[in-house]
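>>> Below is the sequence, then the predicted model.
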Amino acid sequence: MKNNIVPYDELGFRIYLINPDMYELPDGTKVPAPNMKILQDEVFKVLCDKPFRLTGNELHFIRKYMHMTQQKFSELLNLSNHSIVSQWENKDDAVCGMDYNTEVLLRLSMEVYISNTISAEKLVKLKNMPNRSEPIYVRAA
């Protein structure tokens, strides 16, 4: 059986759906009708492992998926201000131009986000740890 591969642009960048459910419009045109939550979850996972640099539109999708403002996103990535995020997102379908180490940090943060082991807010707090050491207190068993 041959796969039905359909281009899909509704996430802000082109992806290709394999054997999607289709909806027929009144004029007879057939359009993909994916479950958006499942689709967004899958696309986020694919972007996490994408073997190429991220584009501006992909970065925008990632930030929105993580429910972060540009300000919070810039804090997560240890950037001086959110205008850098805006510049990257404005690259649209071109590679966003993010520094390699920053992109690695982002992808690691995405992996953590997927695993639900830590929230995006906690990731931002980790970035803002004070530059000092204090004793560790642990309740003895």
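That came through fine.

>>> Quick check: buried residues in stretch 55-75?
With burial defined by 16 or more other CB atoms under 10 Å, the residues of stretch 55-75 counted as buried are 55-63, 65-66, 68, 70, 72-75. Heads up, the C-betas are built off the backbone N, CA and C, glycines and all.

>>> Show me the residues you listed that map onto helices.
Of the positions in these, 56-63, 65, 70, 72-75 sit in helices, assigned by DSSP state H.

>>> ok, residue 44 - contacts?
Residues near residue 44 by CB atoms under 8 Å, 6 or more residues apart in numbering: 61, 62, 65, 110, 114.

>>> dump the residue contacts of residue 86.
Contacts of residue 86 by CB under 8 Å, 6+ apart are residue 70.

>>> quick one: which helix or strand includes it?
helix 83-89 (DSSP states H and E).

>>> Can I get that helix in CSV? Just the C-alpha atoms.
What follows is helix 83-89, C-alpha atoms only, in CSV (Å, rounded to 0.1, in the frame of the first residue of the first chain):
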residue,chain,number,x,y,z
SER,A,83,14.6,41.2,21.1
ILE,A,84,17.1,38.5,20.1
VAL,A,85,14.3,35.9,20.1
SER,A,86,12.2,38.2,18.0
GLN,A,87,15.1,38.6,15.5
TRP,A,88,15.5,34.8,15.3
GLU,A,89,11.7,34.2,14.8
